[in-house]
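**Student:** next input, structure requested:
(2 chains)
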Amino acid sequence: MYTLIIILGLAATVLFVAGFGRGLRNAIAEYRSHSFEPSDVPDFNYAGVAAISVIASGVIIALAGVSPVFIYLGPLLAIVTAAGVGVAFFVEKSNA
Amino acid sequence: MDKSIFAAMPSLTPTLGYTAMIGLGLFSLALSYAIKTYLVRNTHDFIIADRRIGLGFGVGSVIAVWTWAMAVMMSSAMTYQWGLSGLFWFVVPNGFAVMAMIPFARVLRKNMPEGYTISEFIQYRFQQSKVATGIVTVTMIFGIILEILINLKGTSVVISTVFGIDWKTATVVGITCVLAYSYFGGLWTSVMTGTLNTLMITVPAAIVVAAVYDKIPGGVTGVFEAVGKAGAQNLSVLRPEAAAGFGITLAFGLLAATVSDQTFWQKVWAIKSRDVGRTFLWAGALFYPIPICLGMLGLVGIAVGLKPADFGGDIAAVGPYIVSHIGLSLTLVMLYVLVILAACYSTIDGASSALSSIVAVDIVRRYFPGTSEGRLFAVTKVSVLLGGIISTIIVLSGVDFTTLVLTTYALKTSILLPLVLAILWPKTTTFGFVGGVVGAIVIGMPIYEMAGELIGTLSILAIGGAIVFVTGIIGAQSFNLADLRRIPDEVKPAVGAE
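**Tutor:** Numbering: from 1, shown residues only, chains lettered A, B, ... in the order given. The predicted structure is shown next:
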C-alpha cells in the first residue's frame, strides 16, 4: 500500500502542477487583456452536495473503526485532495 | 506492540531545521516577486487580486488558510485522546464551517459586488454606524492577530522540539520568511503560495502516514487490534463524552472562525463571482481528507500505549513525536516538517493579506479618504507586516496570551449570529446588531466563566441571536440588500489614473 500511495501521490502532483501552470498562465493573460469580468452569481446553493460531503466525511472516519483496511482511506483521500485542486484549474473558465 | 519501537533521531540537526524554514521561504519569495511583476500594479490588485481569482487558486488557497499548523497536529491529538470519536468531532465541523460560508458569500457577492471587507458591509448595512463598524473591525483584527500568533507559536515549538533550535530563534526565522514574501504580492501571493502549500500538505501527509503504518510491526491490522484492546470505545465515533468534552463547542467556534473572519471574506470578494459558491464547496469537501489522514497517527499513539509524559506532556505533540521517533528515513521526517511549515506559512500569509485589506479599506479609506493611491498602496504593503510583528512581540515576550484568546473568542462567537442575521434578515436593526454583540459579551461571558464552555457558548449565541431577533420584530425597518449594489468600488483607481 505504501508503494501505491507514493505512485498515486506522484501522479496527483503531476496533475496539480499542470493545473497550477494553467491557472498561472490564465491569470496573467486575463490581467494583461483587461477582459470584462461579469459579476453574476449562479443560483445554485450547493446544499445537497455539501450535505453529502459532510455525511461522507463522518462515514469515512467511522469505517476506520470497522476494518483496518479503511485506515488507508485517509492517505488515499489526501491524494484525492491534491488531484482535486489540480482538476479545479481545468474546470474553471478563462476570460482571456 | 509497545513504545519500545520509538527512539530519538540524531540526524535532525538545527541546520536542517533552518534549511527547511528558509528554503520554503526563499521559494515562496521567488514566486512572490514574479507575481508582483506580472499581476500587481496598485492597491486594488494587492488586496483583492482584481476580483479575478479562479476556481483552482480559490480552492487551493481556501484549503491552505484553513489548514492551521495546529490543526495538523490536533487531528492526531484528538484521535489519540478520544479515539475515532475525537477525530469525528474535530473533522466533521471543520469542513462544514468552510461550506457554511456559501449562502453568505453568495448573498453578499451578489448584492455588494464591489465590496472588500465584512466591516465595509456593516458600515453600509447599518447607516455608517461607527459603533457597529468599529466592533466588527476590531473583531477582525483580533482574529487575525490570534491566527498568526497560534500558528507561529505552535510551529516554533515543533521546530524547536524536532531540531533542537531555540524556540525564540525559530519564531523570528519563521515570521521573517513569511513576511518577506507576503510583502510583495499581497493577495495574489497569498493565494498562489497557499495553493502550492496545499500540495505540500496533502501528498507528503499521505506518504508519511502510510510510511508510519508500513514501519510499525503488524501494520494497520496490528494497530487496529491494539487500539481495540486498549478500549473498544476508541474505534467508535459515538462516544458522547467527546461531543460534550469539546465537539459541540468546537463546532460553533469553527463556524465563528470562518463567518467572522476577514481572511475568508477577502476571498469572497476576490474570487470570480461565478466561482464563489463552488469554491467554498470544493474547498470544504477537499479539506476533509487532510485531518482524516493525519488523525490516523493518533491511533498509532493509542496502539503503542504512549503517555503524554513520553512527548513532553502536550498531546498536540503526539503526531510529531511518532513521526520523528518511529525510525522513518530523514527524508520522510523532513516531509512531515514541510507539512507543518506549509500549513503555518499559508495561514499566516492569508491572515496578513486580510489585515492589509482592513487597513486599506476600513482604516485609511474610511478615516483618511483623501489619501492618494500611491500613499495608500505604500501603507497597505507595510500593513502586511503589522500582524506578524505584533504577534512576534507577543510570542517572544513569553506572556500568557489566554486573555487574547478569550477576548477573541468572546468577540467572534458574540458576533456570529448578529452578523448572520445582518446578512440574511432584512429586519435586523443597528440597535439590535450592537445590542446583540454587547449583550452576548456582557451576559454570556460571565455564564461562560461560571458554567463552562458548552453552556457558555450556547448562552452567548442564544443571547446575541435573541436580542437581534426581538429588536428586529419590534422595529418597523426593513433593509433592502440590493441597495448595496450602488456602493462604488472604494479602492480601484479610475481608468487612466494608475
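
**Student:** quick one: the helices in chain A?
**Tutor:** Taking DSSP state H as the test, the helices found in chain A are A:2-33, A:47-63, A:73-91.

**Student:** tell me the centre residue of the chain?
**Tutor:** This is for chain A. The centroid of chain A falls nearest to A:Gly84 when counting by C-alpha atoms, centre = their mean (1.9 Å).

**Student:** meant chain B actually
**Tutor:** B:Trp66 (4.3 Å).

**Student:** in contact with that one, which residues?
**Tutor:** The contact partners of B:Trp66, taken as C-beta atoms under 8 Å, 6 or more residues apart in numbering or on different chains, are B:94, B:98, B:258, B:283, B:287, B:347. Glycine gets a C-beta too; all of them are placed from N, C-alpha and C.

**Student:** restrict those residues to those near chain A?
**Tutor:** Among these, the residues lying close to chain A (C-beta under 8 Å from any C-beta of the partner chain) are B:Phe287.

**Student:** in helices only, show me the contacts of B:Trp66.
**Tutor:** B:94, B:98, B:258, B:283, B:287, B:347.

**Student:** of those residues, just say which sits nearest to chain A.
**Tutor:** Taking C-beta to the nearest C-beta as the measure, chain A sits nearest to B:Phe287 out of the ones in helices among the contacts of B:Trp66, at 7.4 Å.

**Student:** isn't that closest one up against A:Val80?
**Tutor:** No - if you go by C-beta atoms under 8 Å, B:Phe287 and A:Val80 don't touch, sitting 11.7 Å apart.

**Student:** ok, now how distant is B:Met112 from B:Tyr213?
**Tutor:** As defined by C-beta to C-beta, to the nearest Å, B:Met112 lies at a distance of 49 Å from B:Tyr213.

**Student:** OK, contacts around A:Gly74?
**Tutor:** A:Gly74 neighbours (C-beta under 8 Å, 6+ apart): A:60, A:64, B:206, B:209, B:289, B:292-296.

**Student:** now do the same for it: its pLDDT.
**Tutor:** On pLDDT, A:Gly74 comes in at 96.

**Student:** low pLDDT regions in the chain?
**Tutor:** Unless you meant another one, I'm taking chain A. Under the criterion pLDDT under 70, the flagged ranges of chain A are A:96.

**Student:** um, chain B though
**Tutor:** Within chain B, the stretches with pLDDT under 70 are B:400-402, B:494-498.

**Student:** what distance do you get for B:Leu108 to chain A?
**Tutor:** 9 Å (C-beta to the nearest C-beta, to the nearest Å).

**Student:** surely that residue and B:Val268 touch.
**Tutor:** Yes - between B:Leu108 and B:Val268 a contact is recorded at 6.4 Å, counting by C-beta under 8 Å.

**Student:** between these two, who's got more neighbours?
**Tutor:** B:Val268 (25 against 22; other C-beta atoms under 10 Å in any protein chain shown).

**Student:** residues contacting the closest residue to the more buried one other than its chain neighbours?
**Tutor:** Leaving aside its sequence neighbours, B:Val268 sits nearest to B:Ala105 (C-beta to C-beta, 6 or more residues apart in numbering or on different chains; 4.4 Å). Listed by C-beta under 8 Å, 6+ apart, the contact set of B:Ala105 reads B:268, B:276-277, B:280.

**Student:** okay, now A:Thr81: neighbour count?
**Tutor:** By other C-beta under 10 Å, the residues close to A:Thr81 number 30.

**Student:** scratch that, B:Tyr18 is what I was asking about
**Tutor:** Look at B:Tyr18: counted by other C-beta under 10 Å, it has 16 neighbours.

**Student:** what about the closest residue to B:Ser260 other than its chain neighbours, how many neighbours?
**Tutor:** Distance criterion C-beta to C-beta, 6+ apart; nearest residue to B:Ser260, sequence neighbours excluded, is B:Lys412 at 4.4 Å. Per other C-beta under 10 Å, the neighbour tally for B:Lys412 reads 25.

**Student:** relative to chain A, how far out is B:Lys412?
**Tutor:** B:Lys412 is 22 Å from chain A, by C-beta to the nearest C-beta.

**Student:** figure out the helix or strand that that residue lives in.
**Tutor:** helix B:402-424 (DSSP states H and E).

**Student:** buried stuff in the helix or strand containing B:Ile394?
**Tutor:** For B:Ile394, the element it lies in under DSSP H and E is helix B:373-397. Across helix B:373-397, burial judged by 16 or more other C-beta atoms under 10 Å in any protein chain shown covers B:373, B:376-377, B:379-381, B:383-388, B:390-392, B:394-395.

**Student:** picking that back up, higher neighbour count, B:Phe287 and A:Val80?
**Tutor:** B:Phe287 (29 against 19).

**Student:** what residues are up against that one?
**Tutor:** Applying C-beta under 8 Å, 6+ apart to B:Phe287 gives the contacts A:81, B:62-63, B:66-67, B:94-95, B:98.

**Student:** same thing but at 10 Å, please
**Tutor:** A:53, A:57, A:81, B:59, B:62-64, B:66-67, B:71, B:91, B:94-99, B:198, B:202 (C-beta atoms under 10 Å, 6 or more residues apart in numbering or on different chains).

**Student:** if we can go back for a sec, check which helices and strands the helix holding B:Lys412 sits against.
**Tutor:** Judged by 3 or more C-beta pairs under 10 Å, 6 or more residues apart in numbering or on different chains; DSSP states H and E, helix B:402-424 is in contact with helix B:101-111, helix B:118-125, helix B:130-163, helix B:248-259, helix B:430-439, helix B:445-451, helix B:453-474.
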